[in-house]
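Asks: Next comes the sequence, and after it the predicted model I'd like to discuss.
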Amino acid sequence: MHKLKTLLAALLFAPVFALASESLHLDSAPDVSGDKAALQNGARLFVNYCLSCHGASALRYNRLMDLGLTEAQIKENLMFTTEKIGDTMTVAMTSADAKKWFGVAPPDLSLVARARASADGSGADWLYTYLRSFYRDETRPTGWNNVIFANVGMPHILFDLQGEQTLGADDKLQPAANGALSPQDYDKAVADLVGFLTWMSDPQAEFRKRLGVGVLIFLALLLGFAYALKKEYWKDVH
């Protein structure tokens, strides 16, 4: 019975690992990987809205300096659960309380984007669509449901920004109440948050891309020198 409760709780609080149905349409997440301002905003959203339940134990606060933030900016605006810049981004809620209230602690989100990509190849697109697909459902314990993850256990943590949506008879989302942001600005905020989650799952990705380009250029130059050397050695033969 304990194992069954744990499994059910994990399914409720780990929507990011649930496989989306192949029949569902996923919106394409904007690529903000090269936009440091967008990633900084995503970090702010993550800390203010996600870190109360979901940790990021594989990432240290000082790694956010890679996004162009100073140590002072990180300490002043993004550190609420620790005093040391070298600490990991741990969840504010203790594991004991999480297990007591939910039966299992909400999953760590350090590798959520890579986990989604490995599971069904959707990656950022699934996260982007998921965070924009909540709607009011009074039959659910939290009062919320989700189009691409039916009967989700996680509430809509960004509802104050997006507002409320309802599910129409045609199974399409319809606006019901305005939030603090316009639909366009909310989509941009979600793109920034998803971009940060993607960056967080592999902070070295951009460096590897730049390194790869440098290696290809070096090999091209080396090929030219090697060909010139070959011609020099074989000039008497030909």
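Replies: Looks like it came in fine.

Asks: For the nearest residue to residue 186 once chain neighbours are set aside, report the pLDDT, please.
Replies: Nearest residue to residue 186, sequence neighbours excluded (CB to CB, 6 or more residues apart in numbering): residue 162, at 4.7 Å. Every residue, glycine included, has its C-beta placed from N, CA and C. Per-residue pLDDT puts residue 162 at 97.

Asks: can you check the one 4 residues further on too?
Replies: Reading off the confidence values, residue 166 has pLDDT 95.

Asks: Same check on residue 100?
Replies: Value listed for residue 100 in the pLDDT field: 72.

Asks: Return the distance of it relative to residue 93.
Replies: As for residue 100, its distance to residue 93 is 10 Å (criterion: CB to CB, to the nearest Å).

Asks: Looking at the two now, which is surrounded by more residues?
Replies: residue 93 (18 against 9; other CB atoms under 10 Å).

Asks: got the contact list for the spatially most central residue of the chain?
Replies: Nearest residue to the geometric centre of the chain (CA atoms, centre = their mean): residue 197, 2.5 Å. For residue 197, the contact set (CB atoms under 8 Å, 6 or more residues apart in numbering) comprises 42, 46, 109, 112, 113, 124, 127.

Asks: Pull out the buried residues from stretch 68-84.
Replies: Judged by neighbour count (16 or more other CB atoms under 10 Å), stretch 68-84 contains these buried residues: 69, 74, 75, 78, 79, 81.

Asks: moving C-terminal of the one helix or strand in the chain whose mean pLDDT sits lowest, what's the next helix or strand?
Replies: Sorting the helices and strands of the chain by mean pLDDT, DSSP states H and E puts helix 2-13 at the bottom, at a mean of 41. Going down the chain from helix 2-13, the next helix or strand is helix 36-45, by DSSP states H and E.

Asks: now that following helix: mean pLDDT?
Replies: pLDDT averaged over helix 36-45 gives 96.

Asks: Output whichever helix or strand comes after that helix as PDB, nothing but the C-alphas.
Replies: Note on helix 36-45: by DSSP H and E, the next helix or strand toward the C-terminus is strand 56-60. Output of strand 56-60 as PDB, limited to C-alpha atoms (Å, rounded to 0.1, in the frame of the first residue of the first chain):
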ATOM      1  CA  ALA A  56      17.500  22.200  -8.700                       C
ATOM      2  CA  SER A  57      20.100  20.400  -6.600                       C
ATOM      3  CA  ALA A  58      22.500  20.000  -9.600                       C
ATOM      4  CA  LEU A  59      23.000  23.700 -10.000                       C
ATOM      5  CA  ARG A  60      24.800  26.100  -7.700                       C
END
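
Asks: what's strand 56-60 packed up against?
Replies: strand 88-89, helix 183-201 (3 or more CB pairs under 8 Å, 6 or more residues apart in numbering; DSSP states H and E).

Asks: Run the chain-centre distance for the longest helix along the chain.
Replies: Criterion DSSP state H: the longest helix present in the chain is helix 205-234. How far helix 205-234 lies from its chain's middle: 35 Å, per CA atoms, centre = their mean, to the nearest Å.

Asks: just use 4 as the starting number from now, easier for me
Replies: Sure, I'll start numbering at 4, so the last one becomes helix 208-237.

Asks: Now that helix: average pLDDT?
Replies: In this model, helix 208-237 has an average pLDDT of 90.

Asks: between that helix and helix 186-204, how many degrees?
Replies: 60 degrees (axes from the mean of the first three to the mean of the last three CA atoms, to 10 degrees).

Asks: Next, the buried residues of helix 208-237.
Replies: Quick answer for helix 208-237: no buried residues (16+ other CB under 10 Å).

Asks: any idea how far residue 148 is from residue 156?
Replies: For residue 156, the distance to residue 148 - CB to CB - is 10 Å.

Asks: Check residue 199 too.
Replies: In this view, residue 199 and residue 148 are 25 Å apart by CB to CB.
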